[in-house]
Each structure stands twice: as structure tokens, then as C-alpha cells.
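K.L.:
Got a sequence here, can you build the structure:
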Amino acid sequence: MLFLFAALPADTARAQADAAGQINQAIATHMQQKLAEEAKRQAWQGQRHSLDTTLVGSAERLPACAQALSVAVASDDPSALARQRLELSCPDTPGWSITALVQANVFLPVVHAARVIERGQTISAEQLQLQEVNIGKASRGFYNDLDEVVGQGAKRRVRAGQLIAPNLLTAPLLIRRGQQVTIIASQDGISASATGEALANGREGEVIRVRNLGSQKVIEAQVVEDGVVTSTFR
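P.N.:
Next up is the predicted model:
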């Protein structure tokens, strides 16, 4: 009697493991493909992932399927990062179907501050580091590449270890108030340059007030690059 008790559960467990294994494998294959497509589209580097899966119903009595399982997405949001509702079906005769709820946890190395970055600073590579995070929890966005952040300006003070989100960045200051600048003026194909003093901070494309140190005249000039503004003869 003890022998029969031990043998029957072993047979049942083997069948269950086969069906469960097929279900898990079908889910893993489907999600891996979807995440690979997303990684390519987003140009992610260094991705890894895990899956949280809940079956709606029980797989305990399901027989192993002689054919590959079909997987259909029944979610409103098709994004691979959203919680997915998958319908898995065995096309055998008779076949079976089961529903799975799947949440992908995607981990990427993303840009963090390696040290304090002060407001208004132009960010250098030495101020940054990569740390792995679950990007599903990075609701304000992130950067996966240091080069996307280097050269940007800090919109506000960033503490050491803080994730660098897009809302923390702005175009870098190319000119600071009180800085000596070169004024390039042109009209009708004639150009000239003069030395001036910036009366305000400026980013590329912004118009700021500048004092011409030769004439002492205050003009409005557009920032074109680091230390250079442009104006027109008046």
C-alpha cells in the first residue's frame, strides 16, 4: 500500500511537470522575444530580466501537450513592460487552454550621479556612474548610456547616487554672467568681432544682453557656442 501511494503521485507529478514545464517555456520564449524587440527598438544595453507569472486556474491535471503551445496576447496594453495576460493553448485533440498573468521585471544599468552635481554645472563623465535598476520603477525616465548625459546641464542640485532622469537636465550654460565673450556681428556679407561682457547666463540659441567693452553699448546677442555670441549691425 505504501508502494502504491508513492508510485501514483510520482506518475502524476511527472505529467504535471511536463505540462508545467511546457507552459513556463512557452511564456519564457514569448516574453524573451518581446523584450528583445523592445531592447532593439530602445537601443538598451546590458538588459536582463525576470518574470513574475501567475496562472489563472490550475495546471495540475493538464496532460503534456504533444505539440507546441500557442500563445495569444489578451492584454489591453501590448507593451512588453506592462502586465501581460497570455492565453496558452494546446492544439491536441482533445486540447486544453490556460491563462497566465505575466509581469516582466527588466533590469538595466542606468546613469546615476557618482557625486554631488551642483545646479547649473555642465556634467562630465567623472560625475556619473552606471547602476542597475528595475526600469519599471523608474517612472520619471532614465538614461542607459553615459554619453546621453555628458555635456548636459544640471537643472537642479543632484545628490550622489541619485538616478539621472530627464527632468533633472537642461541644455548646458555656454555663457555665464560676467564672462568675457566674443561678439560676432555681420551684415550684408561684412563681419566683424568685438570683445564683450555677458550680462546674463545663456544657453545655445538664447538671446542675452551683452556689453560691448569697446563702445560700452549694451546689445542683445544670440548665444552660438561656448563664449561666442552673434549680433547684427544696427
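K.L.:
Which parts of this structure belong to which domain?
P.N.:
If you go by automatic domain parsing, the domain ranges for the chain are 2-105, 108-170, 173-231.
K.L.:
Just the terminal-to-terminal distance for the shortest one.
P.N.:
By that I understand domain 173-231. 19 Å (Cα to Cα, to the nearest Å).
K.L.:
can you check stretch 74-93 too?
P.N.:
This stretch, stretch 74-93, spans 23 Å end to end (Cα to Cα).
K.L.:
ok, residues contacting it?
P.N.:
22-23, 26-27, 30-31, 34-35, 37-38, 62-63, 65-67, 69-73, 95-104, 106, 135-136 (Cβ atoms under 8 Å, 6 or more residues apart in numbering). In short, each C-beta sits where N, CA and C put it, glycine included.
K.L.:
List the buried residues in that stretch.
P.N.:
80, 81, 84, 85, 86, 88, 89, 90 (16 or more other Cβ atoms under 10 Å).
K.L.:
same question, stretch 101-119
P.N.:
102, 104, 106, 108, 109, 110, 111, 112, 113, 117.
K.L.:
Closest one of those residues to residue 180?
P.N.:
Nearest to residue 180 among the buried residues of stretch 101-119, counting by Cβ to Cβ, is residue 117 at 25.8 Å.
K.L.:
ok, that closest one touching residue 154?
P.N.:
Yes: using Cβ atoms under 8 Å, residue 117 is in contact with residue 154, at 4.8 Å.
K.L.:
what's the overlap in contacts for the two?
P.N.:
residue 123.
K.L.:
one step back: among the buried residues of stretch 101-119, name the ones in strands.
P.N.:
102, 104, 106, 108, 109, 110, 111, 112, 113 (DSSP state E).
K.L.:
re the thing from before, whichever of the contacts of stretch 74-93 end up buried, select them in ChimeraX.
P.N.:
This is the ChimeraX syntax for the buried subset of the contacts of stretch 74-93, where burial follows 16+ other Cβ under 10 Å:
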select :22,23,26,27,30,31,34,35,38,62,65,69,71,96,98,100,102,104,106,135
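K.L.:
what bits of the protein have low per-residue confidence?
P.N.:
For the chain, the stretches with pLDDT under 70 are 1-17, 232-234.
K.L.:
how many other residues sit next to residue 52?
P.N.:
For residue 52, the neighbour count with other Cβ atoms under 10 Å is 10.
K.L.:
which residues does it contact?
P.N.:
With Cβ under 8 Å, 6+ apart, residue 52 has these contacts: 102, 103, 105.
K.L.:
okay if I get those as JSON lines plus distance to residue 126?
P.N.:
Formatted as JSON lines, the contacts of residue 52 follow (distance: Cβ to Cβ, whole Å):
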{"residue": "102", "distance to residue 126": "41"}
{"residue": "103", "distance to residue 126": "37"}
{"residue": "105", "distance to residue 126": "31"}
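K.L.:
so is the most centrally placed residue in the chain in a helix, a strand, or just coil?
P.N.:
Nearest to the mean C-alpha position of the chain, by Cα atoms, centre = their mean, lies residue 142 at 4.4 Å. When classified by DSSP: H, G, I helix; E, B strand; the rest coil, residue 142 comes out as coil.
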